[in-house]
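**Student:** Give me a model of this one.
(chains A and B)
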2 protein chains.
Amino acid sequence: MPSGNDSGPLAGHYGLSVAVGSAIANDAFLRACRGLPVDRVPVWFMRQAGRSLPEYRAVRGEGSMLGAIARPELATEITLQPVRRYGVDAAILYSDIVVPTHAIGFGVDIVPGVGPVVEQPFREARDLDRLRPLNPEADTPYVLETVGNLVAELDVPLIAFAGAPFTMASYLVDGGPSRTHALTKRLMHGEPDLWAALLDRLADLAIASIGSQLDAGASAFMLFDSWAGALAPDEYRRFVLPASQRIFAELGSRGSGPPGIHFGVGTGELLELLATAGADVVGVDWRVHLDDARERLGPEVAVQGNLDPAAVLAPWPVVAQRVADVLNRNAGQPGHVFNLGHGVLPETDPEVLEQVVELVHGHRATV
Amino acid sequence: MPSGNDSGPLAGHYGLSVAVGSAIANDAFLRACRGLPVDRVPVWFMRQAGRSLPEYRAVRGEGSMLGAIARPELATEITLQPVRRYGVDAAILYSDIVVPTHAIGFGVDIVPGVGPVVEQPFREARDLDRLRPLNPEADTPYVLETVGNLVAELDVPLIAFAGAPFTMASYLVDGGPSRTHALTKRLMHGEPDLWAALLDRLADLAIASIGSQLDAGASAFMLFDSWAGALAPDEYRRFVLPASQRIFAELGSRGSGPPGIHFGVGTGELLELLATAGADVVGVDWRVHLDDARERLGPEVAVQGNLDPAAVLAPWPVVAQRVADVLNRNAGQPGHVFNLGHGVLPETDPEVLEQVVELVHGHRATV
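**Tutor:** Residues are numbered from 1 along each chain as shown, chains lettered A, B, ... in the order given. Got it, this is the predicted structure:
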């Protein structure tokens, strides 16, 4: 199948192939990201691959998640599973936001039931030396191989991704998932120069990682600032925005480069600022109704979302009504990628998501 | 010391004593709740009593939290500790939102490091029978005795409190703390009549519990809808607001009754709706700047907040600047109770909170 990557892998200019005309059979997702009209609303689901799928549990085995990511055949299969089952309009690489940090030897692992855990958290200036630049060919060759496999197989776009500097810093400084981000915020406010240097390194990692995935054939990318919603707008603007802005600028979003999506949970207060970071698309969680989100973001920015992941656990008539509500709030405007407002919950029934895809694809806006 | 409770304990009309003129020496908190001018901005801290205080750890002992709450002398001492140390302008009863539910025998305990855990979660209509009405004199006599002790000791107002119906339901249905509230949302959308009946019972419990604390001499109350921020505005309006509205109405907020405060974390999108519930004061977490919150809430509603609890972990000059920022954003308007945006973190240095109180009390608005 066509890879949509005319300029070959590792061409070094971040998937410009997309801009010069992709051969991807179904480009509804890319068109919606750019605010162009589409025949039907494109849909995919954050965490569409993974624990909710029986076929995932069948192939995944007992090993660690980072081990599975490092096996290109397995990672390829896991990425493809939801595309086959659901007929979604985009695939997202089976990987994790800690992969680059792990690959350069910072000492981070994914502990089942916990999340990323850092052996020696980031504490002081000399810890910057532990964040050397990523050399994707040498450090994460398995990622590039998986991306290469996928673009040879897929007829929908593949989404590259990385963790945004703030969210990555929150793991490295607090040492793992934190409800309060207390140590991270202390460093941010108490040592702003060191903080800026840390975020700069993490921005470099995100750029190198996403850039390499795009060069290997991915057609779009997503920057996950999952926990940015823990910040007040002024904090975000001062301490986070500059590093995230550089990522979107260097990857060429809103220009000739591939579309970039920016997302975090609980970011209602930050939506305009997330757009200011330079993304083509802003992901919206379910806490803000989509019509309100569009009003805040203006017509230049596309939106992705925003069905509550818990909504799909209800009886089908309720699910159907809530899917319709999301679509009706967008009122048929171009620039909408349907998605959940956060990742698929492990207890989700895949058959319900199949029905959701069908409903979204069959929807005609009632404008 | 004067108790401010002219009508005696258990008078059965929710602390009307406050309305007829309290003898509380320092009434800045009550005045600010009602939007009246004050000589200095009143301040208290959510979770001001508890794990952050060495004197708390010294008296608390090994027993369970529910056990400590049930010992009036101990609960009185724990409630008084932060008032003595910090010179805050209000005390809040040392208790927990699960106390009424526990007292009527629903089967809930507080597990250290976890939170409330329910033995047999709420699942179906017959579980409603497990939520019988609270008889405060028989079920929670220790609460009334603690309140009585406190009003005899305190020269600042005592705040009564209860958990709001949604947050209580989230524990009873999901069986404990939940990041997704998946089962709770499923019941809410899937069985709206049962949901409404559940919230009705929980509203009755909150009214009976708060009412009894007020009758015993408390001067104000706070309804904690801690997790309401997990809901979209339309969900909150349809499934939660009516029950919360009834609580504020029956307790006489915005009228002749004691001031009522409403609060949840991450409720930026819900602020106006929280005010619609009928509170005199809306608590604001740190994610919304106070000037924005006031703009959304209008001049009729007082605000409480909103320093990030993690902010006080930074070096003092940073803390001082952030305290000043909160105060300056309020710009000297009446109707501001200074507080954190969520509870005191256990790792907080009490000496920093002492300095915060001093700074707030010494502040003159720069209008």
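**Student:** Please enumerate the strands of the stretch 101-250 of chain A.
**Tutor:** Ranges of strands within the stretch 101-250 of chain A are A:108-111, A:115-118, A:158-163, A:220-224, based on DSSP state E, counting those that start in this stretch.
**Student:** could those go into a markdown table alongside mean pLDDT and mean neighbour count?
**Tutor:** Using the backbone N, CA and C atoms, a C-beta is placed for each residue, glycine as well. A markdown table is the format used below for the strands of the stretch 101-250 of chain A (pLDDT from 0 to 100; neighbours: other CB atoms under 10 Å in any protein chain shown):
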| stretch | mean pLDDT | mean neighbour count |
| --- | --- | --- |
| strand A:108-111 | 96 | 18 |
| strand A:115-118 | 96 | 18 |
| strand A:158-163 | 98 | 27 |
| strand A:220-224 | 98 | 27 |
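**Student:** would you list these in CSV and tack on distance to chain B?
**Tutor:** Shown next, in CSV, are the strands of the stretch 101-250 of chain A (distance: least, CB to the nearest CB, whole Å):
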stretch, distance to chain B
strand A:108-111, 16
strand A:115-118, 11
strand A:158-163, 19
strand A:220-224, 17
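**Student:** Among the ones you listed, which comes closest to residue B:313?
**Tutor:** Closest to residue B:313 of these, according to CB to CB: strand A:115-118, at 19.0 Å.
**Student:** just how off-centre is that closest one within its chain?
**Tutor:** From the chain centre to the centre of strand A:115-118 is a distance of 19 Å (CA atoms, centre = their mean, to the nearest Å).
**Student:** again, but for stretch A:138-157
**Tutor:** 16 Å.
**Student:** got the buried residues for it?
**Tutor:** A:139-140, A:142-151, A:153-154, A:156-157 (16 or more other CB atoms under 10 Å in any protein chain shown).
**Student:** For it, C-alpha coordinates in CSV please.
**Tutor:** What follows is stretch A:138-157, C-alpha atoms only, in CSV (Å, rounded to 0.1, in the frame of the first residue of the first chain):
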residue,chain,number,x,y,z
ALA,A,138,20.8,4.7,17.2
ASP,A,139,18.5,5.2,20.2
THR,A,140,15.1,4.2,19.0
PRO,A,141,15.7,2.2,15.7
TYR,A,142,12.7,0.0,16.7
VAL,A,143,10.4,3.0,16.5
LEU,A,144,11.5,3.8,13.0
GLU,A,145,11.2,0.2,11.9
THR,A,146,7.6,0.1,13.4
VAL,A,147,6.7,3.3,11.6
GLY,A,148,8.2,2.0,8.4
ASN,A,149,6.1,-1.2,8.7
LEU,A,150,3.0,0.7,9.4
VAL,A,151,3.1,3.1,6.5
ALA,A,152,3.6,0.2,4.2
GLU,A,153,0.4,-1.4,5.6
LEU,A,154,-1.9,1.5,6.4
ASP,A,155,-4.3,3.3,4.1
VAL,A,156,-5.1,5.8,6.8
PRO,A,157,-2.6,8.4,8.2
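**Student:** my read: residue A:205 touches residue A:131, true?
**Tutor:** Yes. Under the criterion of CB atoms under 8 Å, residue A:205 makes contact with residue A:131 at 7.2 Å.
**Student:** Between the two, point out the one with more neighbours.
**Tutor:** Per other CB atoms under 10 Å in any protein chain shown, whichever of residue A:205 and residue A:131 has more neighbours is residue A:205, with 25 against 22.
**Student:** Quickly note the distance from the more buried one to residue B:280.
**Tutor:** Residue A:205 sits 49 Å away from residue B:280, taking CB to CB, to the nearest Å as the criterion.
**Student:** Hmm, residue A:67 and residue A:102 touching each other?
**Tutor:** No. The criterion here is CB under 8 Å, and residue A:102 misses it with residue A:67 at 11.0 Å.
**Student:** between the two, which one's more packed in?
**Tutor:** Neighbours per residue (other CB under 10 Å) separate residue A:102 from residue A:67, with residue A:102 holding more: 21 against 12.
**Student:** And the more buried one, how close does it get to chain B?
**Tutor:** Residue A:102 sits 24 Å away from chain B, going by CB to the nearest CB, to the nearest Å.
**Student:** residues touching that residue, list them.
**Tutor:** Contacts for residue A:102 (CB atoms under 8 Å, 6 or more residues apart in numbering or on different chains) come out as A:66, A:108-109.
**Student:** Please apply the same query to residue A:205.
**Tutor:** Contacts of residue A:205 (CB under 8 Å, 6+ apart): A:100-101, A:104, A:131, A:133-134, A:162, A:168.
**Student:** partner residues bridging the spatially most central residue of chain A?
**Tutor:** Nearest to the mean C-alpha position of chain A, by CA atoms, centre = their mean, lies residue A:222 at 3.7 Å. Using DSSP bridges, the bridge partners assigned to residue A:222 are residue A:161, residue A:261.
**Student:** That one is in contact with residue A:264, isn't it?
**Tutor:** No. With contacts counted by CB under 8 Å, residue A:222 stays clear of residue A:264, the gap being 11.1 Å.
**Student:** what touches both of these two?
**Tutor:** residue A:283.
**Student:** what bridges to residue A:110?
**Tutor:** Under the criterion used here (DSSP bridges), residue A:110 is bridged to residue A:116.
**Student:** list the contacts for it?
**Tutor:** A:64-66, A:96, A:98, A:116-117.
**Student:** The residue lying closest to residue A:182 once chain neighbours are set aside - how many residues pack around it?
**Tutor:** Distances taken as CB to CB, 6 or more residues apart in numbering or on different chains place residue B:310 nearest to residue A:182, at 4.6 Å, with adjacent residues excluded. Residue B:310 has 25 neighbours, counted by other CB under 10 Å.
**Student:** What backbone torsions are found at residue B:310?
**Tutor:** The phi/psi pair for residue B:310 (degrees, to the nearest 10) reads phi -80, psi -20.
**Student:** quick one: pLDDT of residue A:256?
**Tutor:** Looking at residue A:256, its pLDDT reads 78.
**Student:** my bad, should have said residue A:364
**Tutor:** At residue A:364, pLDDT is 74.
**Student:** From residue B:210, how far off is it?
**Tutor:** From residue A:364 to residue B:210 the distance is 50 Å (CB to CB).
**Student:** Between the two, which is the more surrounded one?
**Tutor:** residue B:210 (26 against 9).
**Student:** Kindly report the residues of chain A close to chain B.
**Tutor:** The interface of chain A toward chain B, taken as CB under 8 Å from any CB of the partner chain, is made up of A:180-183, A:185-186, A:189-190, A:229-234, A:266, A:268-269, A:286-289, A:308-311, A:313-315, A:318, A:322, A:345, A:347.
**Student:** Does residue A:157 touch residue A:88 like I think?
**Tutor:** No. Using CB under 8 Å, residue A:157 is not in contact with residue A:88, being 10.5 Å away.
**Student:** what's the neighbour count on residue A:120?
**Tutor:** As a burial measure, residue A:120 scores 12 neighbours (other CB under 10 Å).
**Student:** With adjacent residues omitted, what lies nearest to it?
**Tutor:** That would be residue A:107: by CB to CB, 6+ apart, it lies 5.8 Å from residue A:120.
**Student:** and if you look at residue A:336?
**Tutor:** residue A:330 (4.5 Å).
**Student:** roughly how far apart are the one you found and chain B?
**Tutor:** The gap separating residue A:330 from chain B is 15 Å, by CB to the nearest CB.
**Student:** For that residue, give me its contacts.
**Tutor:** A:41, A:290-291, A:294, A:303, A:336, A:365.
**Student:** buried set for stretch A:311-327?
**Tutor:** So stretch A:311-327, judged by 16+ other CB under 10 Å, has buried residues A:311-314, A:318-319, A:322-323, A:325-327.
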